[in-house]
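Asker: Fold the following.
(2 chains)
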Amino acid sequence: MTVISSKSAEEYKKQNYTERMDKKGMPVSPHVMIYSFPVVALSSITVRITGVCLWLGVGGIAAHSLAGGDPALLMASIGDSPVLGPLGKLSVAFPLSYHFLGGVRHAYWDQTPEAVTNEQVEKASYAVAGGSAVLTGIAMFM
Amino acid sequence: PYLSTYPVDLNECGPMVLDALIKIKNEQDPTLTFRRSCREGICGSCAMNINGSNTLACLCYIDKGAEASKIYPLPHMYVVKDLVPDMGNFYEQYRSIEPWLHSKDGKSAGQAEFLQTKEDRKKLDGMYECILCACCSTSCPSYWWNADKYLGPAVLMQAYRWIEDSRDDSTRERLEQLDDSFKLYRCHTIMNCSKVCPKHLNPGKAIASIKKRMTELH
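Answerer: Numbering: from 1, shown residues only, chains lettered A, B, ... in the order given. This next block holds a predicted model:
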């Protein structure tokens, strides 16, 4: 247990809190498994996940071409296939549109702190999800 | 660590979760340990995670549905016992922002108060009411992963309360103190904080305002 005193500030600065508590063997209370995440939080983690997917996709295409493959040919052949085509387009269009709209939303929040209220961020999260669904739907059948 | 289930006759119990916890401690398990004091939502002692959300147990009505209420300590905190987390880190972070008035010249002879216009005083509304219950900081996934270096919404909102205070002369120093990649900028506007504040304050907006102020610094 940490005791707060007039001198505890120096003690605190000397050693990292997490290391000190881990050494004591104290358990950490449950977090991800028990927390009921609101829509805005789910929207935020999806922006991060789609970001990782985009990074893996671009890296994959780069690796493929560096290894001597022809990504344009590969993509065209996937795109032409009747089943894989729309699925492939979905798996590119959804991360791209969601992450982009999430970024637009975030840039708006940076400029307008007054818009960061519970009601408005929830509406913004639905707007990003809806906008992304529309854009993905269009892209899937293009 | 383990979970225990206690049956409680809700006809013989007050309406709030804290009433149920006290009843369990009185009648069934005297070793059940939790913090509590004012029982009216102003001291912040009984902050805990009830049915997935952080609130004050004294303000949270018992859900009289079929399922048992799930009560956990505040998420991702080191647990001292049962529902009591170690709050040391949280308080030290609050101390680190120097939450007192910094006056360059002090008071002149015969001066009674540092005067402030009504408009300037209004800027502090929505921030000074914070009871430091830690519901917001412990609801923030960023604070879960970086509690030692990220200050968390509660402390950041108090930092902004002092930045916005017109009587304070250290505004630039306060902003500069936040200017590294962890103290402020681990916030990704997840907004769990404002959703969960039992006093209906908005730390997320305060943090967004600090970030905007930081751009003027550079």
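Asker: which residue sits closest to A:Val39 in space, ignoring its chain neighbours?
Answerer: A:Ser125 (5.2 Å; Cβ to Cβ, 6 or more residues apart in numbering or on different chains). Quick note: C-beta positions are derived from backbone N, CA and C, even for glycine.
Asker: what comes up buried for the longest helix seen in chain B?
Answerer: If you go by DSSP state H, chain B has its longest helix at helix B:203-217. By neighbour count on 16 or more other Cβ atoms under 10 Å in any protein chain shown, the buried set for helix B:203-217 is B:Pro203, B:Gly204, B:Lys205, B:Ala206, B:Ile207, B:Ala208, B:Ser209, B:Ile210, B:Lys211, B:Arg213.
Asker: avg pLDDT for it?
Answerer: Taken as a whole, helix B:203-217 carries a mean pLDDT of 94.
Asker: can you pull the pLDDT of A:Met1?
Answerer: With respect to pLDDT, A:Met1 has a value of 62.
Asker: got the CA positions of stretch B:193-210 in PDB?
Answerer: Output in PDB follows, covering the C-alpha atoms of stretch B:193-210 (Å, rounded to 0.1, in the frame of the first residue of the first chain):
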ATOM      1  CA  CYS B 193     -14.100   9.200 -18.800                       C
ATOM      2  CA  SER B 194     -17.000  11.600 -19.400                       C
ATOM      3  CA  LYS B 195     -19.400   8.700 -19.900                       C
ATOM      4  CA  VAL B 196     -18.700   7.400 -16.400                       C
ATOM      5  CA  CYS B 197     -18.200  10.500 -14.200                       C
ATOM      6  CA  PRO B 198     -20.700  10.300 -11.300                       C
ATOM      7  CA  LYS B 199     -20.700  14.100 -11.000                       C
ATOM      8  CA  HIS B 200     -21.500  14.500 -14.700                       C
ATOM      9  CA  LEU B 201     -18.400  16.400 -15.500                       C
ATOM     10  CA  ASN B 202     -16.500  16.300 -18.800                       C
ATOM     11  CA  PRO B 203     -12.800  15.500 -18.500                       C
ATOM     12  CA  GLY B 204     -12.700  14.500 -22.200                       C
ATOM     13  CA  LYS B 205     -13.500  18.100 -23.200                       C
ATOM     14  CA  ALA B 206     -11.000  19.500 -20.800                       C
ATOM     15  CA  ILE B 207      -8.300  17.400 -22.200                       C
ATOM     16  CA  ALA B 208      -9.300  18.300 -25.800                       C
ATOM     17  CA  SER B 209      -9.000  22.000 -24.700                       C
ATOM     18  CA  ILE B 210      -5.600  21.400 -23.200                       C
END
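Asker: Mind checking what helix or strand follows the host helix or strand of A:Ile61 in sequence?
Answerer: According to DSSP states H and E, A:Ile61 maps onto helix A:39-66. On the C-terminal side of helix A:39-66, the closest following helix or strand by DSSP H and E is helix A:71-80.
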